[in-house]
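A.B. asks: below is the sequence, then the predicted model.
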Amino acid sequence: MSSDRYGPDVLSGATSHHRQRPRSRPQAAEPGLVVEDVTSGFVGAVVHVEKSGGQHVVVLEDRHGRTRTFPLGPGFWVDGEPVILAAPVAATPTTPARTASGSRAVAGVRARVARGSRIWVEGKHDAELVEKVWGDDLRIEGVVVEPLDGADHLVDAVRAFAPGFDRRLGVLVDHLVPGSKESRIAAEAVRAAPSGTVLVLGHPYVDVWQAVRPERLGLRAWPTIERGTEWKLGVLRALGWDTTDEHATARAWARILGSVRSYADLDPALLGRVEELIDFVTA
């Protein structure tokens, strides 16, 4: 026994009862919804809805990648039922429950007046990464992040800042590993201020770029660069990225930073250090 979704054939002879034609129901044309146009028989997934010639149309793509455009309204089937396709209703923007750092978002709170305490990072890229992930938290806490342009002059900068217990200083340093130049500078910087007023922490990477999980850029791991080669330039060459002009590094960093959505895209070696510095300067 077979059935015809379009209704009984009026020429097939008498039937014991009349089959009622199914009524069309409203259906939002959400992306990915599989739809059949009754008139042409074209079956495809909704790609998007747009306005053309003063009316809303839906673009469908079939399994072979071919696309066709149809006016919204009646004349479609979804899952064997007639529907009236309509433009999807735009979702009402909602306030995120969490910030990019994973903290609970606080709605309607104005940025706090900046504290006397500061967090210093080595360079512009470090500052931009910290801002992207922890910016909401820092504004509420009134903490300003400032780039140092390298750690070589950290000791002199600490003395000029004149830290105190109401004016603490947290410093994030690249490549802070035992026996390194950076570790010696960090120790001297702490000794240059009253005890408990300066905290210098760091991550083990040559550059903060490496704190971004390589998977976010489609990599298995960050490339290893030979000593004596400028690290960023070596990375660009190893990845096959453009190195033809002086803006190549800036373009690469924009690409890397753009891949970061939240704290989950960063290595724990950086996450813990930044959180500890924030706690230190806000204590």
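C.D. replies: Now that the structure is in, tell me what you want to look at.

A.B. asks: C-terminal to the least confident helix or strand in the chain by mean pLDDT, what's the next element?
C.D. replies: Of all the helices and strands that make up the chain, strand 43-52 has the lowest average by mean pLDDT, DSSP states H and E, namely a mean of 86. Heading C-terminal from strand 43-52, the first helix or strand you meet, by DSSP states H and E, is strand 55-61.

A.B. asks: what's that next one in contact with?
C.D. replies: Counting by Cβ atoms under 8 Å, 6 or more residues apart in numbering, the neighbours of strand 55-61 from elsewhere in the structure are 29, 35, 37, 42-51, 67-72, 85, 87. In this view, the C-beta of every residue, glycine as well, is placed from N, C-alpha and C.

A.B. asks: so which bits of the longest helix anywhere in the chain are buried?
C.D. replies: Longest helix in the chain, counting residues (DSSP state H): helix 124-141. Burial within helix 124-141, assessed by neighbour count using 16 or more other Cβ atoms under 10 Å, is assigned to 125-134, 136-141.

A.B. asks: what of stretch 171-178?
C.D. replies: For stretch 171-178, burial by neighbour count (16+ other Cβ under 10 Å) applies to 171-176.

A.B. asks: I'd guessed V47 sits against P31; true?
C.D. replies: Yes. Here V47 lies in contact with P31, judged by Cβ atoms under 8 Å, at a distance of 6.7 Å.

A.B. asks: out of those two, which sits in the more crowded spot?
C.D. replies: The residue with more neighbours, out of V47 and P31, is V47; 15 against 11, by other Cβ atoms under 10 Å.

A.B. asks: residues touching the more buried one, list them.
C.D. replies: With contacts defined as Cβ under 8 Å, 6+ apart, V47 is in contact with 31, 59-61, 67.

A.B. asks: part of a helix, is I278?
C.D. replies: Yes. Using DSSP: H, G, I helix; E, B strand; the rest coil, the secondary structure at I278 is a helix.

A.B. asks: for V235, the count of nearby residues, please.
C.D. replies: The burial count assigned to V235 is 23, neighbours taken as other Cβ under 10 Å.

A.B. asks: go on, G228?
C.D. replies: Burial of G228 is recorded as 6 neighbouring residues (other Cβ under 10 Å).

A.B. asks: swap in V190?
C.D. replies: Counted by other Cβ under 10 Å, the residues lying close to V190 total 18.

A.B. asks: surely it is within a helix?
C.D. replies: Yes. V190 forms part of a helix when assessed by three-state DSSP.

A.B. asks: and it, how far from G150?
C.D. replies: With the distance defined as Cβ to Cβ, to the nearest Å, V190 ends up 18 Å from G150.

A.B. asks: check A192 too.
C.D. replies: Between A192 and G150 the distance is 17 Å, computed by Cβ to Cβ.

A.B. asks: and if you look at R68?
C.D. replies: From R68 to G150 the distance is 58 Å (Cβ to Cβ).

A.B. asks: distance to R261 for the contacts of V47 - can I get that in TSV?
C.D. replies: Rendered in TSV, the data for those read as follows (distance: Cβ to Cβ, whole Å):
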residue	distance to R261
P31	21
V59	28
L60	31
E61	27
T67	30
